[in-house]
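S.K.: coords please:
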Amino acid sequence: MSAQSHAWFVAIGSADGRHAIFKSAVRGAVIAIAIVVAGCTPVTTRVVSADPADPTVRVARVGYRSTIAPYTSLRPSTPAPWRERNESVTPKQRGNSHAH
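M.R.: Reported below is the predicted structural model:
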């Protein structure tokens, strides 16, 4: 019985070995096809359509914008009545004013 079980294990082992060889060959073929197909992809489109060295190309206008213009000091200040402080920083209303 021992010889038969040994023969059975050898037969199963060789079948698994052939299956593993087949799987590795298929994996290799898939990888090779992927590499070849990746090499056949079309050239990507140009992101910039105009030549930057061409003097006839229209460009956006460059405008000056101050980086510190909206600055307001955040240093501690002396206490003041909150109503006057609030009214000094609020935008002025146009038209009808609801001043109390």
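S.K.: which stretches of the chain form helices?
M.R.: 2-39, 82-89 (DSSP state H).
S.K.: weakest of the ones you listed in terms of mean pLDDT?
M.R.: Of all the helices of the chain, the minimum mean pLDDT falls on helix 2-39 (a mean of 74).
S.K.: who's in contact with residue 58?
M.R.: Residue 58 makes no contacts at all, as judged by C-beta atoms under 8 Å, 6 or more residues apart in numbering. Placement of C-beta: from N, CA and C, glycine included.
S.K.: Next one: it from residue 65, what distance?
M.R.: The gap separating residue 58 from residue 65 is 21 Å, by C-beta to C-beta, to the nearest Å.
S.K.: Kindly report the same for residue 92.
M.R.: Separation of residue 92 from residue 65 (C-beta to C-beta): 25 Å.
S.K.: likewise residue 23?
M.R.: Counting by C-beta to C-beta, the gap from residue 23 to residue 65 is 63 Å.
S.K.: between the two, which one's more packed in?
M.R.: Neighbours per residue (other C-beta atoms under 10 Å) separate residue 23 from residue 65, with residue 23 holding more: 10 against 6.
S.K.: measure that one to residue 35 for me?
M.R.: Between residue 23 and residue 35 the distance is 19 Å, computed by C-beta to C-beta.
S.K.: next one: residue 88
M.R.: Taken as C-beta to C-beta, the span from residue 88 to residue 35 is 71 Å.
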